[in-house]
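# quick one, structure for this:
(one chain, ligands or ions: 2)
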Amino acid sequence: MSQLSFSSLNLHSDLLENLSTLGYTEMTAIQQESLPPILAGKDVIAQGKTGSGKTAAFGLGLLQKLDVKRFRIQSLVLCPTRELADQVATEIRKLGRGIHNIKVLTLCGGMPFGPQVGSLEHGAHVIVGTPGRIEDHLNRGTLKLDEVNLLVLDEADRMLDMGFQETLDKVIEQIPAQRQTLLFSATFPEQIQKIAKRIMRQPVMAQVASTH
Ligand code: ADP
Ligand code: MG
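Ligands and ions are numbered 1, 2, ... in the order given. Now for the predicted structure:
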(Lines give C-alpha, C1' and ligand atoms only; values in the text may rest on other atoms or scores of the structure.)
(Ligands and ions follow the chains in the order given, each with its own letter.)
Protein backbone atom coordinates (compact mmCIF):
# COMPACT_ATOMS: atom_id res chain seq x y z
CA MET A 1 0.00 0.00 0.00
CA SER A 2 1.43 3.31 -1.04
CA GLN A 3 2.29 5.80 1.65
CA LEU A 4 0.67 8.39 -0.61
CA SER A 5 -2.64 6.58 -0.69
CA PHE A 6 -5.63 7.55 1.45
CA SER A 7 -6.10 3.88 2.22
CA SER A 8 -2.92 3.98 4.33
CA LEU A 9 -4.99 6.02 6.81
CA ASN A 10 -7.55 4.61 9.17
CA LEU A 11 -10.49 6.30 7.45
CA HIS A 12 -14.06 4.98 7.56
CA SER A 13 -14.69 2.79 4.53
CA ASP A 14 -17.50 5.04 3.26
CA LEU A 15 -15.07 7.98 3.21
CA LEU A 16 -12.57 5.89 1.24
CA GLU A 17 -15.33 4.97 -1.20
CA ASN A 18 -16.29 8.62 -1.69
CA LEU A 19 -12.64 9.57 -2.23
CA SER A 20 -12.33 6.99 -4.94
CA THR A 21 -15.59 8.18 -6.56
CA LEU A 22 -14.19 11.73 -6.54
CA GLY A 23 -11.01 10.47 -8.20
CA TYR A 24 -8.85 11.39 -5.21
CA THR A 25 -6.42 8.48 -5.30
CA GLU A 26 -3.25 9.88 -3.80
CA MET A 27 -2.93 12.42 -1.02
CA THR A 28 -1.53 15.83 -1.86
CA ALA A 29 1.59 16.91 0.07
CA ILE A 30 -0.34 18.98 2.60
CA GLN A 31 -2.79 16.11 3.13
CA GLN A 32 0.11 13.72 3.79
CA GLU A 33 1.59 16.12 6.32
CA SER A 34 -1.58 17.16 8.10
CA LEU A 35 -3.98 14.21 8.02
CA PRO A 36 -2.10 11.85 10.37
CA PRO A 37 -1.94 14.38 13.25
CA ILE A 38 -5.50 15.60 12.50
CA LEU A 39 -6.83 12.03 12.70
CA ALA A 40 -4.82 11.52 15.91
CA GLY A 41 -6.88 14.34 17.45
CA LYS A 42 -4.07 16.87 17.64
CA ASP A 43 -4.29 20.60 17.04
CA VAL A 44 -2.70 21.28 13.65
CA ILE A 45 -1.47 24.38 11.83
CA ALA A 46 -1.33 23.61 8.13
CA GLN A 47 0.32 25.99 5.74
CA GLY A 48 0.20 25.39 2.02
CA LYS A 49 -0.43 27.43 -1.06
CA THR A 50 -3.79 27.83 -2.76
CA GLY A 51 -4.91 24.71 -4.58
CA SER A 52 -2.91 22.31 -2.42
CA GLY A 53 -5.97 20.43 -1.17
CA LYS A 54 -6.42 21.93 2.27
CA THR A 55 -10.22 21.60 2.26
CA ALA A 56 -10.17 17.82 2.00
CA ALA A 57 -7.50 17.67 4.73
CA PHE A 58 -9.75 19.25 7.34
CA GLY A 59 -12.93 17.93 5.70
CA LEU A 60 -11.83 14.33 6.12
CA GLY A 61 -10.69 14.98 9.69
CA LEU A 62 -14.06 16.55 10.44
CA LEU A 63 -16.10 13.75 8.87
CA GLN A 64 -14.03 11.02 10.53
CA LYS A 65 -14.55 12.62 13.96
CA LEU A 66 -18.28 13.29 13.55
CA ASP A 67 -20.73 11.21 15.58
CA VAL A 68 -23.36 11.16 12.85
CA LYS A 69 -26.04 9.61 15.06
CA ARG A 70 -25.87 12.61 17.37
CA PHE A 71 -27.73 15.34 15.50
CA ARG A 72 -25.97 18.26 17.21
CA ILE A 73 -23.56 20.91 15.96
CA GLN A 74 -20.17 19.24 16.46
CA SER A 75 -17.92 21.13 14.04
CA LEU A 76 -17.56 24.77 13.10
CA VAL A 77 -15.57 25.90 10.05
CA LEU A 78 -14.88 29.64 9.77
CA CYS A 79 -14.04 31.10 6.34
CA PRO A 80 -13.31 34.68 5.21
CA THR A 81 -16.03 34.98 2.54
CA ARG A 82 -19.37 33.52 1.53
CA GLU A 83 -17.88 32.16 -1.71
CA LEU A 84 -15.22 30.23 0.20
CA ALA A 85 -17.74 29.00 2.77
CA ASP A 86 -19.96 27.70 -0.05
CA GLN A 87 -16.99 25.92 -1.67
CA VAL A 88 -15.98 24.34 1.63
CA ALA A 89 -19.55 23.19 2.38
CA THR A 90 -19.83 21.70 -1.11
CA GLU A 91 -16.55 19.79 -0.69
CA ILE A 92 -17.53 18.45 2.76
CA ARG A 93 -20.92 17.33 1.40
CA LYS A 94 -19.17 15.51 -1.47
CA LEU A 95 -16.70 13.81 0.85
CA GLY A 96 -19.54 12.84 3.19
CA ARG A 97 -22.08 11.81 0.54
CA GLY A 98 -24.29 8.90 1.57
CA ILE A 99 -23.07 8.82 5.15
CA HIS A 100 -26.14 8.94 7.42
CA ASN A 101 -27.56 12.15 5.95
CA ILE A 102 -24.86 14.39 7.33
CA LYS A 103 -26.23 17.92 7.53
CA VAL A 104 -23.83 20.74 6.65
CA LEU A 105 -25.30 24.23 7.05
CA THR A 106 -23.75 27.48 5.78
CA LEU A 107 -24.26 30.71 7.73
CA CYS A 108 -22.88 33.73 5.86
CA GLY A 109 -23.41 37.46 5.79
CA GLY A 110 -25.28 39.09 2.91
CA MET A 111 -28.04 36.47 3.27
CA PRO A 112 -31.37 37.00 5.07
CA PHE A 113 -31.54 35.83 8.69
CA GLY A 114 -34.97 34.21 8.55
CA PRO A 115 -34.13 31.12 6.49
CA GLN A 116 -30.87 30.65 8.45
CA VAL A 117 -32.79 30.67 11.73
CA GLY A 118 -35.29 28.20 10.27
CA SER A 119 -32.46 25.89 9.17
CA LEU A 120 -30.83 26.14 12.59
CA GLU A 121 -34.11 25.07 14.19
CA HIS A 122 -34.03 21.94 12.03
CA GLY A 123 -30.50 21.20 13.26
CA ALA A 124 -27.12 20.39 11.72
CA HIS A 125 -23.95 18.42 12.35
CA VAL A 126 -21.58 20.94 10.79
CA ILE A 127 -21.70 24.73 10.41
CA VAL A 128 -19.58 26.50 7.79
CA GLY A 129 -19.74 30.27 7.92
CA THR A 130 -18.22 33.71 8.02
CA PRO A 131 -17.19 35.12 11.42
CA GLY A 132 -19.50 38.17 11.43
CA ARG A 133 -22.68 36.23 10.75
CA ILE A 134 -21.76 33.49 13.24
CA GLU A 135 -21.24 36.17 15.89
CA ASP A 136 -24.62 37.73 15.01
CA HIS A 137 -26.37 34.40 15.51
CA LEU A 138 -24.60 33.89 18.83
CA ASN A 139 -25.67 37.37 19.98
CA ARG A 140 -29.28 36.73 18.94
CA GLY A 141 -29.30 33.38 20.71
CA THR A 142 -30.17 31.55 17.49
CA LEU A 143 -26.94 29.50 17.53
CA LYS A 144 -25.25 27.58 20.32
CA LEU A 145 -21.75 26.16 19.97
CA ASP A 146 -21.53 24.41 23.33
CA GLU A 147 -21.28 20.93 21.78
CA VAL A 148 -18.62 21.79 19.22
CA ASN A 149 -15.54 19.61 19.54
CA LEU A 150 -13.77 20.63 16.32
CA LEU A 151 -13.02 24.18 15.22
CA VAL A 152 -11.45 24.93 11.84
CA LEU A 153 -10.10 28.33 10.82
CA ASP A 154 -9.76 28.21 7.05
CA GLU A 155 -7.72 30.89 5.28
CA ALA A 156 -6.83 32.29 8.68
CA ASP A 157 -4.40 34.82 7.21
CA ARG A 158 -7.16 36.29 5.04
CA MET A 159 -9.60 36.45 7.95
CA LEU A 160 -7.07 38.43 9.96
CA ASP A 161 -6.28 40.69 6.97
CA MET A 162 -10.00 41.43 6.73
CA GLY A 163 -10.06 42.61 10.35
CA PHE A 164 -11.90 39.63 11.85
CA GLN A 165 -9.52 39.21 14.81
CA GLU A 166 -11.95 40.50 17.47
CA THR A 167 -14.93 38.70 15.98
CA LEU A 168 -12.96 35.46 15.91
CA ASP A 169 -12.07 35.90 19.58
CA LYS A 170 -15.72 36.45 20.48
CA VAL A 171 -16.87 33.38 18.56
CA ILE A 172 -14.11 31.15 19.90
CA GLU A 173 -15.02 32.17 23.47
CA GLN A 174 -18.36 30.40 22.93
CA ILE A 175 -16.76 27.08 21.99
CA PRO A 176 -15.71 24.62 24.70
CA ALA A 177 -11.99 24.76 25.48
CA GLN A 178 -12.01 20.97 25.32
CA ARG A 179 -11.84 20.73 21.55
CA GLN A 180 -9.57 20.13 18.58
CA THR A 181 -8.52 23.24 16.67
CA LEU A 182 -7.21 23.23 13.10
CA LEU A 183 -5.79 26.32 11.45
CA PHE A 184 -5.28 26.50 7.69
CA SER A 185 -3.43 29.32 6.03
CA ALA A 186 -1.52 30.13 2.87
CA THR A 187 0.99 32.23 4.84
CA PHE A 188 2.19 32.18 8.42
CA PRO A 189 2.76 35.79 9.56
CA GLU A 190 3.31 36.81 13.19
CA GLN A 191 -0.37 37.64 13.68
CA ILE A 192 -1.23 34.00 12.97
CA GLN A 193 1.42 32.75 15.34
CA LYS A 194 -0.10 34.95 18.04
CA ILE A 195 -3.66 33.76 17.56
CA ALA A 196 -2.45 30.16 17.39
CA LYS A 197 -0.72 30.60 20.75
CA ARG A 198 -3.96 31.84 22.28
CA ILE A 199 -6.44 29.35 20.88
CA MET A 200 -4.47 26.15 20.19
CA ARG A 201 -2.81 23.52 22.34
CA GLN A 202 0.66 22.34 21.37
CA PRO A 203 -0.14 22.54 17.67
CA VAL A 204 1.64 20.30 15.19
CA MET A 205 3.04 22.25 12.23
CA ALA A 206 2.29 20.83 8.79
CA GLN A 207 4.12 22.95 6.26
CA VAL A 208 4.65 22.34 2.61
CA ALA A 209 7.34 24.39 0.99
CA SER A 210 6.28 26.27 -2.10
CA THR A 211 7.91 24.95 -5.27
CA HIS A 212 7.99 28.43 -6.78
P1 ADP B 1 -6.76 24.86 -1.06
O2 ADP B 1 -7.83 25.01 -0.02
O3 ADP B 1 -5.48 24.34 -0.50
O4 ADP B 1 -6.57 26.12 -1.87
P5 ADP B 1 -8.63 23.05 -2.30
O6 ADP B 1 -8.97 22.30 -1.08
O7 ADP B 1 -9.62 24.04 -2.78
O8 ADP B 1 -7.22 23.75 -2.11
O9 ADP B 1 -8.29 21.97 -3.43
C10 ADP B 1 -7.92 22.32 -4.73
C11 ADP B 1 -8.43 21.30 -5.74
O12 ADP B 1 -7.78 20.05 -5.56
C13 ADP B 1 -9.93 21.01 -5.62
O14 ADP B 1 -10.48 21.06 -6.89
C15 ADP B 1 -10.00 19.61 -5.04
O16 ADP B 1 -11.14 18.96 -5.52
C17 ADP B 1 -8.72 18.97 -5.53
N18 ADP B 1 -8.16 17.93 -4.64
C19 ADP B 1 -7.98 17.99 -3.31
N20 ADP B 1 -7.39 16.89 -2.82
C21 ADP B 1 -7.15 16.08 -3.88
C22 ADP B 1 -6.54 14.78 -4.05
N23 ADP B 1 -6.03 14.11 -3.02
N24 ADP B 1 -6.48 14.28 -5.30
C25 ADP B 1 -6.98 14.97 -6.35
N26 ADP B 1 -7.56 16.18 -6.28
C27 ADP B 1 -7.64 16.75 -5.06
MG1 MG C 1 -8.84 26.59 0.82
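# run through this structure and note the low-pLDDT ranges.
Residues of the chain meeting the criterion pLDDT under 70: 1-3, 210-212.
# residue boundaries of the strands in it?
With DSSP state E, the ranges of strands along the chain come out as 44-47, 75-78, 104-107, 126-129, 150-153, 180-185, 204-207.
# out of those, deepest packed?
Mean neighbour count (mean count of other Cβ atoms under 10 Å) peaks for strand 126-129 among these, with a mean of 27. Any C-beta I mention is one placed from the backbone N, CA and C, and that applies to glycine too.
# what about that one, near ligand 1?
No - Strand 126-129 lies apart from ligand 1 when judged by Cβ under 6 Å from any ligand atom; the minimum separation is 13.1 Å.
# which strands and helices sit next to that strand?
Strand 126-129 sits against strand 75-78, helix 82-95, strand 104-107, with contacts defined as 3 or more Cβ pairs under 8 Å, 6 or more residues apart in numbering; DSSP states H and E.
# ligand 1 is nearest to which of these?
Minimum separation from ligand 1 across the helices and strands packed on strand 126-129 (Cβ to the nearest ligand atom) falls at helix 82-95, 6.5 Å.
# which residues touch the closest one?
15, 18-19, 22, 55-56, 59-60, 62-63, 77, 79, 102, 104-106, 108-111, 126, 128-130, 154-155 (Cβ atoms under 8 Å, 6 or more residues apart in numbering).
# which residues touch residue 34?
44, 46, 54, 57-58, 206.
# which bits of the protein sit near ligand 1?
So the chain meets ligand 1 at 24, 27-28, 31, 48, 50-56 (Cβ under 6 Å from any ligand atom).
# report the buried members of those.
24, 27-28, 31, 48, 52-56 (16 or more other Cβ atoms under 10 Å).
# between those residues, which is closest to residue 139?
residue 55 (28.4 Å; Cβ to Cβ).
# which residues in the chain form helices?
Using DSSP state H, the helices found in the chain span residues 13-22, 29-39, 54-65, 82-95, 113-122, 131-140, 156-161, 165-173, 190-199.
# what comes up buried for the shortest one?
Spelled out, it's helix 156-161. The neighbour-count check on helix 156-161 (16+ other Cβ under 10 Å) flags 156-160 as buried.
# equivalent analysis for the fourth one, please.
Across helix 82-95, burial judged by 16+ other Cβ under 10 Å covers 82, 84-85, 88-89, 91-92, 94-95.
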